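[1] When you get a sec, could you give me coordinates for this:
(chains A and B)
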Amino acid sequence: DAGVIQSPRHEVTEMGQEVTLRCKPISGHNSLFWYRQTMMRGLELLIYFNNNVPIDDSGMPEDRFSAKMPNASFSTLKIQPSEPRDSAVYFCASSQGLRVDTGELFFGEGSRLTVL
Amino acid sequence: KQEVTQIPAALSVPEGENLVLNCSFTDSAIYNLQWFRQDPGKGLTSLLLIQSSQREQTSGRLNASLDKSSGRSTLYIAASQPGDSATYLCAVSGANNLFFGTGTRLTVIP
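    All right, here's what the predicted structure looks like:
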């Protein structure tokens, strides 16, 4: 299996622009998670999906953030408009379990976002 | 809220040495604990998953233990190698969330 695939690996954009991050989970996994990693706050769960349905988006920082999972093999995390404080590495992870706390997580290599 | 602490934040050891990484957590009501490895600029790689009913898990030179009552887990690495250099994070599950520690950055000196 190719593992969790994320794109782009690096994104540099200017404040106010729209950013779309993409994720392809491991085939057969039921759950997909979006995390953000910064030096100051470490890893934070933003949102997760079970069987393509958003279950918990309480970690999404603001309305500027949105996530979709139109099918079992694709998810997007969108930031509109982007701000410099959104600069971070965004990770997608998937799991066979239906809850974030019951299954082994497999992470993608991340999308490093820099907002100027 | 669950708080996960990893001490030390950084550790340097000579090649061949056995070492222990520590993880402590405040709430013992957990489902499982997972150890990850993160290389610079890379994602997290799962190393070991310990269910709450288990005391330890082993994979090759790695052994992870779990003591729920004391809120502690250790990751033992035997015969360390330069390729083991990375940041090691523990994650504790509970309340439908995973709580990550801030990691221990390990450097194995050839």
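
[2] Which residues of chain B lie near chain A?
    With Cβ under 8 Å from any Cβ of the partner chain as the criterion, chain B meets chain A at residues B:30-32, B:34, B:36, B:41-46, B:49, B:89, B:91, B:93-98, B:100-103. All C-beta spots, glycine's among them, are computed from the backbone N, C-alpha and C.

[3] Just the buried residues of the residues you listed.
    Among those, those classed as buried by 16 or more other Cβ atoms under 10 Å in any protein chain shown are B:30-32, B:34, B:36, B:43-44, B:46, B:49, B:89, B:91, B:93-94, B:97-98, B:100-103.

[4] Narrow those residues to those in strands?
    Applying DSSP state E to those, the entries found in strands are B:32, B:34, B:36, B:44, B:46, B:49, B:89, B:91, B:93-94, B:97-98, B:100.

[5] mind checking pLDDT for residue 56?
    By default, I'm working from chain A. Reported pLDDT at residue A:56 in the predicted model: 85.

[6] think we crossed wires, I meant chain B
    Here, the pLDDT recorded for residue B:56 equals 95.

[7] Quick check: bridge partners of it?
    Beta bridges link residue B:56 to residue B:65 when assigned by DSSP bridges.

[8] That one and residue B:66 touch, don't they?
    Yes - counting by Cβ atoms under 8 Å, residue B:66 is a contact partner of residue B:56 at 6.8 Å.

[9] and the closest residue to residue B:14 other than its chain neighbours, what is it in contact with?
    Leaving aside its chain neighbours, residue B:14 sits nearest to residue B:109 (5.2 Å; criterion: Cβ to Cβ, 6 or more residues apart in numbering or on different chains). Going by Cβ atoms under 8 Å, 6 or more residues apart in numbering or on different chains, residue B:109 touches B:12, B:13, B:14, B:15, B:82.

[10] Touching both of residue B:56 and residue B:66, which residues are there?
    Common neighbours of residue B:56 and residue B:66 are listed as residue B:50 (criterion: Cβ under 8 Å, 6+ apart).

[11] between these two, who's got more neighbours?
    Comparing residue B:56 with residue B:66 by other Cβ atoms under 10 Å in any protein chain shown, the one with more neighbours is residue B:66, at 23 against 14.

[12] With adjacent residues omitted, what lies nearest to that one?
    Spatial nearest neighbour of residue B:66, excluding adjacent residues (Cβ to Cβ, 6+ apart): residue B:50 at 4.6 Å.

[13] just checking, that neighbour touches residue B:73?
    Yes - assessed by Cβ under 8 Å, residue B:50 is found in contact with residue B:73 at 7.1 Å.

[14] Give the bridge partners for residue B:33, please.
    Note on residue B:33: beta-bridge partners residue B:50, residue B:92, judged by DSSP bridges.

[15] just residue A:19 next, same as before
    Listed beta-bridge partners, residue A:19: residue A:79 (assigned using DSSP bridges).

[16] Against residue A:52, how distant is residue A:75?
    Per Cβ to Cβ, to the nearest Å, residue A:75 is found 8 Å from residue A:52.

[17] Equivalent analysis for residue B:60, please.
    To residue A:52, residue B:60 is 36 Å away according to Cβ to Cβ.

[18] for residue A:34, same thing?
    Distance, residue A:34 to residue A:52, by Cβ to Cβ: 14 Å.

[19] What of residue B:71?
    If you measure residue B:71 against residue A:52 using Cβ to Cβ, the figure is 36 Å.

[20] Same check on residue B:18?
    45 Å.
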